[in-house]
Each structure stands twice: as C-alpha cells, then as structure tokens.
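Peer 1: Using only what follows, build the 3D model:
(2 chains)
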Amino acid sequence: AQTVTQSQPEMSVQEAETVTLSCTYDTSESNYYLFWYKQPPSRQMILVIRQEAYKQQNATENRFSVNFQKAAKSFSLKISDSQLGDTAMYFCAFMKRSYSNDYKLSFGAGTTVTVRA
Amino acid sequence: DTGVSQNPRHKITKRGQNVTFRCDPISEHNRLYWYRQTLGQGPEFLTYFQNEAQLEKSRLLSDRFSAERPKGSFSTLEIQRTEQGDSAMYLCASSFLGREQYFGPGTRLTVT
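Peer 2: Now for the predicted structure:
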C-alpha cells in the first residue's frame, strides 16, 4: 500500500511571495504518477500539476512547479508570486502507473495555504 | 464539456435512513471513481468503475454501501441504514484511460 505524508498542516504566505509545500510518499513501485490538487474553500478539487516518475525533468505549470526527488521519495510544490486566489487546501496524491486495474489515488492529509494581502 | 456533476450537493438525513447520490462524469470518460472525505482530511478511495464494471472496492465500503454504473454513464452510490459515522463529503471523479482524474463538487452528507 502507498502512503502519502504532508507534514505541514498550515502555511501562510504574503501576496507575491513564494511558498513551498512538502510531500513525501512511501511505495515499492517504480512506475507511478504524482499529483498536486487544490481545493479552495467550499469548492471542488482542481488538478494543479502532474509528474510522471520516469521523467527526470520537474513539471511546471505557470506559477506552480515541483521538485521531484525520486530516490528520496519527495515531491514538493512551489507556488511563486502567490495570489489571493491561491488560498486553498493543497493535496499531494499518488497513483500507480500500471496495466492492471489499479488507478486509485492515495492522498495526503493536505496543507492549508492562506495568502495574506 | 460541463465537468463532473453531483447531486444532491447537500443531504441531511436521520440515522437509519437510506440515501442515494448521483454522479454524472465527463461524457467521454470511461472511468468513474468514488471517494469519501472527512473534515480536514484528504479523500479516501471507495470504489471505481471502468465503463459499467465495478473493478475495485475499498474495505471502507461496508455492506451498507453499494455503487452502480448501469450503462457506463452516470453512477449512483447508495448508503443503507445510515450511521453518524457516514457523515462526510462524497466525491466523484472521472478520467479517460487512467489519466488525470477530474473531480465533481461533492455531496455533503450529514447524518443526525
């Protein structure tokens, strides 16, 4: 079974500053995907960014980037130039990449990010 | 593409009653997933379908829970004889061929 750990329950950042969220995971799989999802207050979960484990290059989506360290089983998210709309709970998630029928996501407990004006 | 929709958005029921939730996935998505999320926690996997076949069920899904996807389109999740511990947000997600999962807004269940 895979476990995903987010050790920071809450983070606060000033608007326009940078914040980094940590995520570690435990798996014996070699082929998998990692995701960051954003869940704004009372709104639905949105995919922020995806990383494929076989790719060494870190994924980037506009102001969001990841630092993927496969050997360390670490997958952090950096939010640059934080905006008020980034205020949300952020979840790190793991999914095996296989040809079997196992496509469920395993989520961490989440990190609440508050962007201050 | 209108996204994943779920109905109802909120449901309040008394302990012991049965409830049913509906999920309509993105139209071309062949996979549909149900998750449960309690306050302040990450979602936990319950079950998933590929087309109309239910391929996996979590041990979280007790005998009181049943899910269907009869024609490979929308899905229903039924909880029989609800308990207070069933109070949670029930999330539905869909994907195409195991790629990114897109989530609906959820159904918040409160059992009194």
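
Peer 1: for the residue nearest to A:Glu17 when sequence neighbours are not counted, what are its contacts?
Peer 2: Nearest residue to A:Glu17, sequence neighbours excluded (C-beta to C-beta, 6 or more residues apart in numbering or on different chains): A:Ser82, at 5.6 Å. Where you see a C-beta, it was placed from the backbone N, CA and C, and this is true even at glycine. With contact set as C-beta atoms under 8 Å, 6 or more residues apart in numbering or on different chains, A:Ser82 has these partners: A:13-19, A:63, A:115.

Peer 1: Could you tell me which of the residues you listed count as buried?
Peer 2: A:13, A:19, A:115 (16 or more other C-beta atoms under 10 Å in any protein chain shown).

Peer 1: ok, back up a step: show the backbone phi and psi for the residue nearest to A:Glu17.
Peer 2: phi -50, psi 140 (degrees, to the nearest 10).

Peer 1: Could you report the pLDDT at it?
Peer 2: Looking at A:Ser82, its pLDDT reads 98.

Peer 1: close enough to count as contact, B:Gln17 and B:Glu78?
Peer 2: No - the criterion here is C-beta atoms under 8 Å, and B:Gln17 misses it with B:Glu78 at 11.4 Å.

Peer 1: picking that back up, generate a markdown table for the buried ones among the contacts of A:Ser82, with distance to chain B as supplementary columns.
Peer 2: Below are the buried ones among the contacts of A:Ser82 laid out as a markdown table (distance: C-beta to the nearest C-beta, whole Å):
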| residue | distance to chain B |
| --- | --- |
| A:Val13 | 20 |
| A:Val19 | 19 |
| A:Val115 | 19 |
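
Peer 1: Out of those, which sit inside strands?
Peer 2: A:13, A:19, A:115 (DSSP state E).

Peer 1: which residue packs closest to the closest residue to chain B within chain A, ignoring adjacent ones?
Peer 2: Using C-beta to the nearest C-beta, the single residue of chain A nearest to chain B is A:Phe107, 3.2 Å away. Leaving out its chain neighbours, the residue that sits closest to A:Phe107 by C-beta to C-beta, 6+ apart is B:Gly42, at 3.2 Å.
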